[in-house]
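J.: I'd like to go over a predicted model; first the sequence, then the structure.
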Amino acid sequence: MTRVLALSIALLLSTNAVAEISPANCARAAKYSEAHRGMAMLVMQNGQTVFEHYANGGMPDLRSPIFSGTKSFWGIGALVAVQQDLLQLDDRVADTITEWRNDPGRSQITIRQLLNFTDGLESASFLHRDSTRDRNGAAIHVRLLAAPGSVFIYGPSHLQVFAELLRRKLNGGSTISFLQDRVLSPLGLTNLEFKKDRRGNPLPASGFELTAREWAQFGEMILGRGNYRGRQIVSSSLLRQALSGSAANPSYGLTFWLNAQAPFGREIDMEKEIDLDWQRARWGGVCFSRVAPPDMLVALGSGYQRLFIIPSMHALIVRQGWSTKFSDAYFLRLVLGR
C-alpha cells in the first residue's frame, strides 16, 4: 500500500469518526426498512437519540425476537466469566468437559474457538427444537467435522457446549442466573425468555425478545467500552478480544460480526452466507458495508434483526423487522448519507 493511499484511508476514517448522523438520512433509511417489513428503527449518537421510528403505529415498548442477536449477550457473559477468573479463553475445553480428554480432535478445542465458532463441531441446528430434552448433553456429543481452528461453522452447537462448560465452572450453578446477575440486570433488562429445555438448560443461540430501546442499551455498553451508566460490566481490554476475527473468518469475533474487511471487502448478505453449507461459505475479503467504518460490529439475528455499533462514530443503529429481502449495505448507505 502506498503512503498516499494509506493517508487517504486515514482521512476517510477520520471523517467518518466525526460525522454526525442526519435525521433526514435516517428517515430515508426508515422508509426503505419499512418497505421491506421493518418494524422498528432507532439511531443513537453520542448518547443521544437521533432518530426513532415504529411502523404502522407500533409502540416503543413492544418486544420482538432478536433471534441470534441473543448470542452476543452470552459472548459478553463469557468475558465476564474470564474477568471473574472462572475460565480463560485459551483454556482447553476438555479440562472441564472431561468426556473429551481422550478424543484426539475434541481435546484440542479451546474456549475461544467455541466462542468464535472455529472449533470444527457440526452446527447441530436440531438444538433449536423445543423437543430437545437435554441440549447440553446433546451438544457435547455432536460430530467433529474439521480440525479445531481450521474452519468457521455457524450454528448453535458451540455456545451450547459453552453453556455446559460454564455450568460446570459454576459447580452446577445456574448459567441463567449468572447471565442475569452479571450482564442483564446491570443493563436494566429483566424477564427475558431463555428457551429452557426440560433440564433447565438455556438456548444461548437464540430466544431473547427485546424492544429497540432495550437492545440499544446493550449497544451503549459496547460503545462505553464495557461500561454502562457508570458500571463497568466487562473490562475494556477483555471487550477488545471479542472484536478480533479469526483466520477462518475475519468477519466474526467472539459472538459479534465485524466489518473489519472494509473498505475494500466485497459487500455480502451475511445471513445468506451462513445459510450455505459451511464448506461453500467464503469469509475472506467480505464485509457488511464498504462505506461504514471498519470498526463497526454487529449483533445479527435472523430476518434482518440488527444492532450495528460504530465506536469511531459513537453511534449505534437498531433495526427490527420480519424476514424478507433486505440489504444491510444499502440501508447503511442511507443512514450514513453515503
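T.: The structure has been received and is ready for your questions.
J.: C-alpha only now, for contacts and for neighbours.
T.: Fine.
J.: residue ranges of the strands in this structure, please?
T.: Counting by DSSP state E, one finds strands in the chain at the ranges 38-45, 48-54, 64-65, 209-210, 227-228, 231-232, 257-258, 266-267, 286-287, 297-301, 305-310, 315-321.
J.: could you export those strands as TSV, including mean neighbour count, distance to residue 24 and mean pLDDT?
T.: Below are the strands of the chain laid out as TSV (neighbours: other Cα atoms under 10 Å; distance: least, Cα to Cα, whole Å; pLDDT from 0 to 100):
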stretch	mean neighbour count	distance to residue 24	mean pLDDT
strand 38-45	24	12	98
strand 48-54	17	9	98
strand 64-65	19	26	96
strand 209-210	21	26	98
strand 227-228	19	29	98
strand 231-232	13	34	98
strand 257-258	27	26	98
strand 266-267	18	25	98
strand 286-287	25	25	98
strand 297-301	24	23	98
strand 305-310	24	19	98
strand 315-321	25	15	98
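J.: out of these, which comes closest to residue 275?
T.: Checking the strands of the chain against residue 275 by Cα to Cα gives strand 297-301 as the closest, at 12.7 Å.
J.: what angle do that closest one and strand 315-321 make?
T.: 10 degrees (axes from the mean of the first three to the mean of the last three Cα atoms, to 10 degrees).
J.: strand 297-301 pairs with which strands, and in what direction?
T.: Paired neighbours of strand 297-301 in the sheet (DSSP bridges): strand 257-258 (antiparallel), strand 305-310 (antiparallel).
J.: distance between that strand and the chain's centre?
T.: Centre-to-centre, strand 297-301 and its host chain are 4 Å apart (Cα atoms, centre = their mean, to the nearest Å).
J.: likewise stretch 213-233?
T.: Distance, centroid of stretch 213-233 to centroid of chain: 14 Å (Cα atoms, centre = their mean).
J.: what are the buried residues along it?
T.: 213-228, 233 (16 or more other Cα atoms under 10 Å).
J.: one more: stretch 115-127?
T.: Using 16+ other Cα under 10 Å as the test for burial, stretch 115-127 gives 115, 116, 117, 118, 119, 120, 121, 122, 123, 124, 127.
J.: ok, so of those residues, who is nearest residue 263?
T.: Checking these one by one against residue 263 (Cα to Cα), the nearest turns out to be residue 116, at 22.7 Å.
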